[in-house]
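Engineer: quick check, what structure comes out for this input:
(2 chains)
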Protein chains: 2
Amino acid sequence: MSESGIQTEAELVVGIDAGGTRIRARLAVASTGETLGEGTGGPGNALSVPRDGLVRNLAAALTGAVRDGRGGAVRAVVAGFAGGGPGGGHENARTALAGALAAVGAAPARVEVCGDVDVAFASAPGTPADGLVLIAGTGAVAARVERRRAARAVDGDGWLLGDAGSGFWLGREALRAVLRSLDGRGPATVLAGPVGERCGGLRREDIVRYAYAGHPVRLAALSPLVVDAERAGDAVARRLLDRAADELAATVRALAPRPGEPLVTTGALIGPAGPLLPRLTARVAPLGLAPSPTPDGLTGAVALARLPR
Amino acid sequence: MSESGIQTEAELVVGIDAGGTRIRARLAVASTGETLGEGTGGPGNALSVPRDGLVRNLAAALTGAVRDGRGGAVRAVVAGFAGGGPGGGHENARTALAGALAAVGAAPARVEVCGDVDVAFASAPGTPADGLVLIAGTGAVAARVERRRAARAVDGDGWLLGDAGSGFWLGREALRAVLRSLDGRGPATVLAGPVGERCGGLRREDIVRYAYAGHPVRLAALSPLVVDAERAGDAVARRLLDRAADELAATVRALAPRPGEPLVTTGALIGPAGPLLPRLTARVAPLGLAPSPTPDGLTGAVALARLPR
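Structural biologist: Prediction:
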């Protein structure tokens, strides 16, 4: 297919980070790690996105990353899925990935499906093999990684049962705080202003209608309002951010951390410059931990794909 | 239609109590209150049940209650809907009720749609006009009633945002408590046994799969497990029931109760012999309130329909 024999004969790898909000894929040269292409697709949670949608979203990300007929040169693919650990949506992810790889003409010798925590942890400098990882984006989950795979996870139980301290959690609590201020169960909060704008009104009915009008996880988009409200000096918002950080620290603590071991953090709330990173740092310091924030798991997925089997 | 002229010429009324789990309808003689028939239908929450389903569920309840061609003798209908207050699902309820009444050949001169709190409050002996009402069944809501209509409501914000201390709330917290005991964030609990049975296993994946496999409010069916676990001496279950009662008491307190005013309580948790009734009684006593538990709002709906306009 290609006019440049040398380029297509280089062994290539693909790393995929499939999160609750979007899927990212990256094509790289196996020997050097040089990035050759990237693509994105829709939500990739292997527990909550049905097979067909997952194939479509993976194919969109892969089509962006793997161009110019390079699919045939892909030797290894590592994909980390939110909800994709053992049990969970592992089989859903594996089957969907096989379908999407076929769509871009790739038939790699090695295809590995793992959890989002595995690729996030591997994103840290030096691709560490053992330590702790905490993700707080749309959802929240922590894991102890042993020999590059999550040996134990805490939380990651989703919007209905857990994800304590996540973006969804903060967005939902913002709405609850405003409802409580309206009905007299809680103090006034400047969150009422921006929440009223989002909901098209500040009556209880407006907020309730907004909240139930779509998938609950979209409430994660409200979490920046809490950060802004705290900057404006709002005590309710400050308390919500404190509680979120308390929950995330409790999630880490449940992994029985050993002082000095790596703690990789990622996701919008605790990645580089994440709004909860300073609070989390203060809370895990007494455990002898210092967060290593990383932007996402894509780097780790590529790093794992480049490792010799 | 009827062979008994006298019976069909008696003026009849219909009371409807449309709750989150089912709709109940009762046909009664306007002058005496004598019950002539009852029927039940599926869920009746005016916010969450779409129009078509609501018509179908109302028609099922009405068809059971209004038999023998008595529809034409119905003069007044009062229907209290969960989520059916002003704003909320009022219009949905009104339109659906009109459709369902037509289906049973009723064209009453007076049709009133109100909230579940209104009919619950009116169920108290003597059909009081002013006071407080607290419902804790699948959901949880309280209201101050003035001249037979809710003047102010607290909570009732649904499973995603509120219903604090409700059956759904207890059921969800039961699952969360078990998940936390499994991943090390919380203490062990005997709830693990019955929850594992319901979920088909006691791995985190089993519980998560069970919880997300259907509509969240069905988790209310787990609330009796918490009551049983407390009876077996479980501290985690006791704490959950305490917290539920705390939440319900806070909901009442937000209505700024006046010592000695009526507090009508209903719903599976705080109706007659409800498992949270003793705890609630203890918590509202310092406010000068004593709960009057009533089985449901059906009696009140009929009482309101029998009142002169």
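
Engineer: now check stretch A:148-156, is it near chain B?
Structural biologist: Yes. Interface with chain B: stretch A:148-156 contributes A:Arg152, A:Ala153, A:Val154, A:Asp155 (Cβ under 8 Å from any Cβ of the partner chain). In this view, the C-beta of every residue, glycine as well, is placed from N, C-alpha and C.

Engineer: in those residues, find the pair that's most separated.
Structural biologist: Across the residues of stretch A:148-156 next to chain B, no pair lies farther apart than A:Arg152 and A:Asp155, at 11.5 Å, counting by Cβ to Cβ.

Engineer: higher neighbour count, these two?
Structural biologist: A count of neighbours by other Cβ atoms under 10 Å in any protein chain shown puts A:Asp155 above the other of A:Arg152 and A:Asp155, at 30 against 14.

Engineer: tell me, what's the model's pLDDT at the more buried one?
Structural biologist: At A:Asp155, the model reports a pLDDT of 92.

Engineer: pretty sure it is touching A:Thr251, no?
Structural biologist: Yes. The pair A:Asp155 and A:Thr251 passes the contact test of Cβ atoms under 8 Å, sitting 4.9 Å apart.

Engineer: helix or strand: which one has the residue in the stretch 101-250 of chain A that chain B sits nearest to?
Structural biologist: Relative to chain B, the nearest point of the stretch 101-250 of chain A is A:Glu205 (3.4 Å; Cβ to the nearest Cβ). A:Glu205 is part of helix A:204-212 when elements are defined by DSSP states H and E.

Engineer: hmm, who's touching that helix?
Structural biologist: Helix A:204-212 is contacted from outside by A:172, A:175, A:178-179, A:182-183, A:195-196, A:198-200, A:219, B:47-48, B:87-88, B:153, B:157-158, B:160-161, using Cβ atoms under 8 Å, 6 or more residues apart in numbering or on different chains.

Engineer: buried ones in that helix, by neighbour count?
Structural biologist: A:Arg204, A:Glu205, A:Asp206, A:Ile207, A:Val208, A:Arg209, A:Tyr210, A:Ala211 (16 or more other Cβ atoms under 10 Å in any protein chain shown).

Engineer: elements contacting the helix or strand A:Ala79 falls within?
Structural biologist: Element membership for A:Ala79, per DSSP H and E: strand A:74-81. Contacts of strand A:74-81 with other secondary structure elements, assessed using 3 or more Cβ pairs under 8 Å, 6 or more residues apart in numbering or on different chains; DSSP states H and E, are made with strand A:12-18, helix A:90-103, strand A:110-115, helix A:116-122, helix A:298-306.

Engineer: near chain B at all, the third one?
Structural biologist: If I follow you right, that is strand A:110-115. No. Under the criterion of Cβ under 8 Å from any Cβ, strand A:110-115 makes no contact with chain B; the nearest approach is 12.3 Å.

Engineer: ok, and for the helix ranked longest in chain A, which residues are buried?
Structural biologist: Of all the segments of type helix in chain A, defined by DSSP state H, the longest one is helix A:235-253. By neighbour count on 16+ other Cβ under 10 Å, the buried set for helix A:235-253 is A:236-237, A:239-241, A:244-245, A:247-253.

Engineer: reformat those as a markdown table; add distance to chain B and pLDDT.
Structural biologist: Conversion of those to a markdown table gives the following (distance: Cβ to the nearest Cβ, whole Å; pLDDT from 0 to 100):
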| residue | distance to chain B | pLDDT |
| --- | --- | --- |
| A:Val236 | 16 | 98 |
| A:Ala237 | 17 | 98 |
| A:Arg239 | 17 | 98 |
| A:Leu240 | 14 | 98 |
| A:Leu241 | 19 | 98 |
| A:Ala244 | 15 | 98 |
| A:Ala245 | 15 | 98 |
| A:Glu247 | 9 | 97 |
| A:Leu248 | 11 | 98 |
| A:Ala249 | 11 | 98 |
| A:Ala250 | 6 | 96 |
| A:Thr251 | 7 | 97 |
| A:Val252 | 10 | 98 |
| A:Arg253 | 8 | 97 |
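
Engineer: adding distance to A:Val13, write the residues you listed out as a markdown table.
Structural biologist: Supplementary listing: these in a markdown table, determined by distance: Cβ to Cβ, whole Å:
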| residue | distance to A:Val13 |
| --- | --- |
| A:Val236 | 47 |
| A:Ala237 | 43 |
| A:Arg239 | 45 |
| A:Leu240 | 41 |
| A:Leu241 | 39 |
| A:Ala244 | 36 |
| A:Ala245 | 36 |
| A:Glu247 | 36 |
| A:Leu248 | 32 |
| A:Ala249 | 35 |
| A:Ala250 | 37 |
| A:Thr251 | 31 |
| A:Val252 | 31 |
| A:Arg253 | 36 |
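
Engineer: closest one to A:Gly37 out of those, please.
Structural biologist: For A:Gly37, the closest of those turns out to be A:Leu248, at 34.0 Å, with distances computed as Cβ to Cβ.

Engineer: show me where the stretch 151-300 of chain A has its helices.
Structural biologist: A:158-161, A:167-183, A:192-199, A:204-212, A:223-231, A:235-253, A:277-284, A:298-306 (DSSP state H, counting those that start in this stretch).
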